[in-house]
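[1] build me a model from this:
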Amino acid sequence: MILITAQYVPLKLDVAFLNVKDDVIGYKHYQIAFFSHVYTSIFTLLLGIPQFSSSVRLQFPTLHKNLGKLYILLILCVASPSGLVMAFYANGGVYSKISFTLQAILWFVFTYKAYTFAKEKNWIQHKKFMYRSYALTLSAISLRLFKWIIVSTIALPPMDTYKIVSWLGWLVNLILVELYLINRVKPSKKTV
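    Numbering: from 1, shown residues only. The predicted structure follows:
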């Protein structure tokens, strides 16, 4: 993901994914949304990793809290809203647009709920919603993984592949998280 993001540094309008966005790349609001999304999403991916470490959470609670605040701020103020703008222009037609719109909205809602539960010191619900939020953050990786699998195995036309991975990239992650939460996350008296 770092290498993918690096393609767009400094601001470049004629590389990678943007090569197939000729119809919208001239819109200033799309450019702002795209670069805001790409540049902040890489940080949300990285910020989320230490948040799930019990060692970090228990031994360095201030670090956990500050990294969490930054993660939440980036998603609520930049990454999710910019993803929503991009969703309106998604490749693959109405199916992909609906998928990315739902994903952006759920990313915002899950992250916001995690924040409100933390403020209420309801750590069980906070943890559950952070898992859901990070599942959607990881969709940047899983979308590309599913795309690679489909292209390598059944070689569908590019737009058909994109329609499929636009849904698989985040739905599979959420299903896996829900299964994990059902089977693993038990009430705990420990607090942060």
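[2] tell me where this structure has helices.
    Remark: helices assigned in the chain by DSSP state H are 2-6, 28-51, 54-59, 61-74, 80-87, 93-119, 123-137, 139-153, 158-183.
[3] those into TSV, with extra columns for mean pLDDT and mean neighbour count?
    Using the backbone N, CA and C atoms, a C-beta is placed for each residue, glycine as well. Shown next, in TSV, are the helices of the chain (pLDDT from 0 to 100; neighbours: other CB atoms under 10 Å):
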stretch	mean pLDDT	mean neighbour count
helix 2-6	61	11
helix 28-51	86	18
helix 54-59	90	12
helix 61-74	94	16
helix 80-87	94	21
helix 93-119	96	18
helix 123-137	96	22
helix 139-153	90	16
helix 158-183	92	17
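[4] count residues in the vicinity of residue 89, would you?
    The tally of other residues near residue 89 (other CB atoms under 10 Å) stands at 18.
[5] pretty sure it sits against residue 30.
    Yes. If you go by CB atoms under 8 Å, residue 89 and residue 30 touch, sitting 6.1 Å apart.
[6] who's in contact with the most centrally placed residue in the chain?
    For the chain, the residue nearest the mean C-alpha position is residue 137 (2.3 Å; CA atoms, centre = their mean). By CB atoms under 8 Å, 6 or more residues apart in numbering, the contact set of residue 137 is 41, 44-45, 48, 75, 107.
[7] for it, which non-adjacent residue is spatially closest?
    Leaving aside its sequence neighbours, residue 137 sits nearest to residue 44 (CB to CB, 6 or more residues apart in numbering; 5.1 Å).
[8] that neighbour reaches residue 76, doesn't it?
    No. The pair formed by residue 44 and residue 76 falls short of the contact definition of CB under 8 Å, at 10.6 Å.
[9] what's the distance between the residue nearest to the centre of the chain and residue 86?
    Applying CB to CB, to the nearest Å, the value for residue 137 to residue 86 is 15 Å.
[10] cool, residue 10 as well?
    The value you get for residue 10 to residue 86, if CB to CB is used, is 20 Å.
[11] over to residue 176?
    For residue 176 relative to residue 86 (CB to CB), the value is 24 Å.
[12] also residue 166?
    The spacing between residue 166 and residue 86, counted by CB to CB, is 12 Å.
[13] between these two, which contacts overlap?
    Joint contacts of residue 166 and residue 86 (CB under 8 Å, 6+ apart) are residue 100.
[14] quick revisit: dump the contacts of residue 137 to JSON lines, plus distance to residue 120.
    JSON lines is the format used below for those (distance: CB to CB, whole Å):
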{"residue": "41", "distance to residue 120": "28"}
{"residue": "44", "distance to residue 120": "23"}
{"residue": "45", "distance to residue 120": "27"}
{"residue": "48", "distance to residue 120": "21"}
{"residue": "75", "distance to residue 120": "19"}
{"residue": "107", "distance to residue 120": "21"}
